[in-house]
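Undergrad: sharing a model prediction with you, sequence too.
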Amino acid sequence: MRMWRAFVGGVVAMALVAVAESGQQTAVAQERSARVEFSRGQSSTVIRGTVRGYEGVNYRINVRGGQRIAVTMDSSNGSNYFNILAPDSGEALFNGSVSGDFADIIVPESGDYVVQVYLMRNAARRNEQARFTLRIEVTGGRPAAAPQPDFADGLSGGPDFFQVAGVTPGDALNIRSRPSAQSPIVTRVVNGEILRNGGCRMTGQTRWCRVSRPDGSASGWAAGRFLIEASN
């Protein structure tokens with residue numbers, strides 16, 4: 001009987017240690033985080049990392065109310081997504097599993113926002129791994145005045161249609177899937193073509209405009225310096 005009690009006690013003790021160790025590992029995984037800082041004079045940064053199973057990572061970044069935060073993610077795993085969480089409340093301002101791998105939002109208040117990278121439960125259960133690249137950019141500030149009348153070089157408002165202009169003769173303007181010169185090309189257009197204006201934004205020092213053909217097809221992003229207000 002004593003030997004049986006000793007055996008049972010040993011099993012219980014080992015189980016408690018295993019639970020404690022398992023709990024500790026889970027806590028470490030949940031607490032994995034990093035502070036995002038930009039180099040002097042820069043408004044964006046590129047982060048490369050890895051997540052596996054239920055272990056995610058939180059990137060904290062301080063943003064002022066009224067600023068724009070844009071995040072793009074490329075990943076080796078189709079079940080790898082990111083969310084953007086508001087300070088304190090943890091409210092999801094952007095849900096990658098619903099909205100995709102590109103976020104572009106103006107934050108309502110100042111504070112530490114969290115870019116949360118994770119694997120969906122189906123992939124986490126299989127302990128899959130994802131290698132990802134994040135590009136995080138913070139630009140702008142709180143608007144100081146009411147919007148001005150439409151004009152072709154603006155970021156807000158603007159004409160309903162642009163005309164392609166200034167492209168080297170014999171060449172064409174690339175319409176890309178994202179506001180980046182490294183993003184895949186959706187289509188190419190030439191001088192004189194008319195494009196629908198879907199709004200513009202700054203990426204670094206470049207103004208990008210979301211455009212599409214008048215019928216709504218071939219939607220993407222074009223460098224704003226090659227767009228002028230259409231005459232009709």
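TA: On my side now, so go ahead. Computed from a predicted model, the values in this text were never measured in an experiment.
Undergrad: pLDDT weak spots in this structure?
TA: Low-confidence segments of the chain, defined by pLDDT under 70: 1-31, 141-157, 204-205, 232.
Undergrad: give me the buried stretch members for stretch 85-103, please.
TA: Neighbour counts over stretch 85-103 (16 or more other Cβ atoms under 10 Å) mark 85-87, 93-94, 96, 101-103 as buried. (Each C-beta comes from the backbone N, C-alpha and C, glycine too.)
Undergrad: list the contacts of that stretch.
TA: With Cβ atoms under 8 Å, 6 or more residues apart in numbering as the test, stretch 85-103 has contacts from 69-75, 81-84, 105, 107-114, 116, 120, 178.
Undergrad: in ChimeraX, how would I select just the buried ones from those residues?
TA: To isolate the buried members of the contacts of stretch 85-103 in ChimeraX, using 16+ other Cβ under 10 Å:
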select :69,70,71,72,73,75,81,82,83,84,107,111,113,114,116,178
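Undergrad: who's in contact with Asn122?
TA: Applying Cβ under 8 Å, 6+ apart, we find Asn122 in contact with Ser79.
Undergrad: next secondary structure after the helix or strand where it lies?
TA: Asn122 belongs to helix 121-125 when assigned by DSSP states H and E. Counting by DSSP H and E, the next helix or strand C-terminal to helix 121-125 is strand 129-139.
Undergrad: so which elements touch that next one?
TA: For strand 129-139, the packing partners by 3 or more Cβ pairs under 8 Å, 6 or more residues apart in numbering; DSSP states H and E come out as strand 44-52, strand 57-63, strand 68-75, strand 80-85, strand 111-119, strand 194-203.
Undergrad: mind listing what the residue nearest the centre of the chain touches?
TA: The centre of the chain sits closest to Val71, judged by Cα atoms, centre = their mean, with a distance of 2.3 Å. Contacts of Val71 were listed using Cβ under 8 Å, 6+ apart, and they are 82, 84, 94, 102-103, 115, 134-137.
Undergrad: before we move on, the earlier item: how about the helix holding Asn122: buried residues?
TA: 123-124.
Undergrad: now do that helix: distance to the chain's middle.
TA: Put simply, helix 121-125 sits 21 Å off its chain's centre (Cα atoms, centre = their mean, to the nearest Å).
Undergrad: same question, stretch 47-59
TA: A distance of 14 Å separates the centroid of the chain from that of stretch 47-59, by Cα atoms, centre = their mean.
Undergrad: what strand or helix carries Leu93?
TA: strand 92-95.
Undergrad: using CSV, list the CA coordinates for the helix or strand just after that strand.
TA: Proceeding N to C from strand 92-95, the next assigned helix or strand is helix 96-99, under DSSP H and E. What follows is helix 96-99, C-alpha atoms only, in CSV (Å, rounded to 0.1, in the frame of the first residue of the first chain):
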residue,chain,number,x,y,z
GLY,A,96,-6.6,40.5,-41.3
SER,A,97,-8.6,37.2,-41.5
VAL,A,98,-11.5,39.3,-42.8
SER,A,99,-9.8,42.2,-44.6
